[in-house]
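*Asks:* sequence below, structure please.
(chains A and B)
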Amino acid sequence: GAVVSQHPSRVICKSGTSVKIECRSLDFQATTMFWYRQFPKKSLMLMATSNEGSKATYEQGVEKDKFLINHASLTLSTLTVTSAHPEDSSFYICSALKDGLYGYTFGSGTRLTVV
Amino acid sequence: KQEVTQIPAALSVPEGENLVLNCSFTDSAIYNLQWFRQDPGKGLTSLLLIQSSQREQTSGRLNASLDKSSGRSTLYIAASQPGDSATYLCAVVGGNKLVFGAGTILRVKS
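*Replies:* From the prediction side, this is the model:
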């Protein structure tokens, strides 16, 4: 199989604080992971591509200093939302590609609420 | 730039009905196409993956077809059940990125 675990599933934080979200590939190594953001009743928006051992590639319009991505191992990528504000409240989902047979596997998502 | 469109945006059917969800894409140079299901507040569950060289894939009551030349894919759900109620997303892969459609919200009434 191809299983991706995402943690936490939901988090509430105060404005100005930072929040870290973890994405782990449990039964395969993922040199590349992807971070998405989803607004209510909308489809997924790709934020960045996380590359093991190198800098992440951010999509146009995504602030790299606001959304810090670290992919320090072949099974773990983290997304840190720095100095969070209420407008950062959203559903964040990660995914990884095992191979062409399995396609993309997604985590269960993290509901971030900034108060 | 690849664009993916899903029709209809929403669908409500009685239990037991067979139904078809449509997906179209503008650039036929895709690596593969994947159908996902998303339940409210949850992540995505992969339903079917069709390689660009394939015409269709089947899993249980689900059948997905792919016509690359015309830029279309369909997801056929047989004998729908209330548990099939969810948002169905079509995504095409090109250049190591997934491009998603906006989804079809399906409601199966018991």
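*Asks:* close to chain B: what parts of chain A are there?
*Replies:* With the criterion set to C-beta under 8 Å from any C-beta of the partner chain, chain A comes near chain B through A:6, A:32, A:34, A:42-44, A:46, A:49, A:91, A:93, A:95, A:97, A:100-109, A:111. For the C-beta atoms, the positions are set from N, CA and C on the backbone; glycine is no exception.
*Asks:* surely B:Ala64 meets B:Gln51?
*Replies:* No - B:Ala64 is not in contact with B:Gln51 according to C-beta atoms under 8 Å; the separation is 11.4 Å.
*Asks:* out of the two, which sits in the busier spot?
*Replies:* Using other C-beta atoms under 10 Å in any protein chain shown as the criterion, B:Ala64 and B:Gln51 rank with B:Ala64 on top: 25 against 16.
*Asks:* and that one, what element?
*Replies:* Element membership for B:Ala64, per DSSP states H and E: strand B:62-67.
*Asks:* and the most centrally placed residue in chain A, what does it touch?
*Replies:* In chain A, the centroid-proximal residue (C-alpha atoms, centre = their mean) is A:Trp35; its distance is 3.7 Å. Counting by C-beta atoms under 8 Å, 6 or more residues apart in numbering or on different chains, A:Trp35 touches A:Cys23, A:Leu46, A:Met47, A:Ala48, A:Ser50, A:Phe67, A:Ile69, A:Ser77, A:Leu79, A:Tyr92, A:Ile93, A:Cys94.
*Asks:* tell me, how many residues neighbour the last one?
*Replies:* A:Cys94 has 30 neighbours, counted by other C-beta under 10 Å.
*Asks:* list the strands paired with the host helix or strand of it, with their directions.
*Replies:* If you go by DSSP H and E, A:Cys94 is part of strand A:90-97. Its sheet considered, strand A:90-97 pairs with strand A:32-38 (antiparallel), strand A:104-106 (antiparallel), strand A:110-114 (antiparallel) by DSSP bridges.
*Asks:* list the buried residues in that strand.
*Replies:* By neighbour count on 16 or more other C-beta atoms under 10 Å in any protein chain shown, the buried set for strand A:90-97 is A:Ser90, A:Phe91, A:Tyr92, A:Ile93, A:Cys94, A:Ser95, A:Ala96, A:Leu97.
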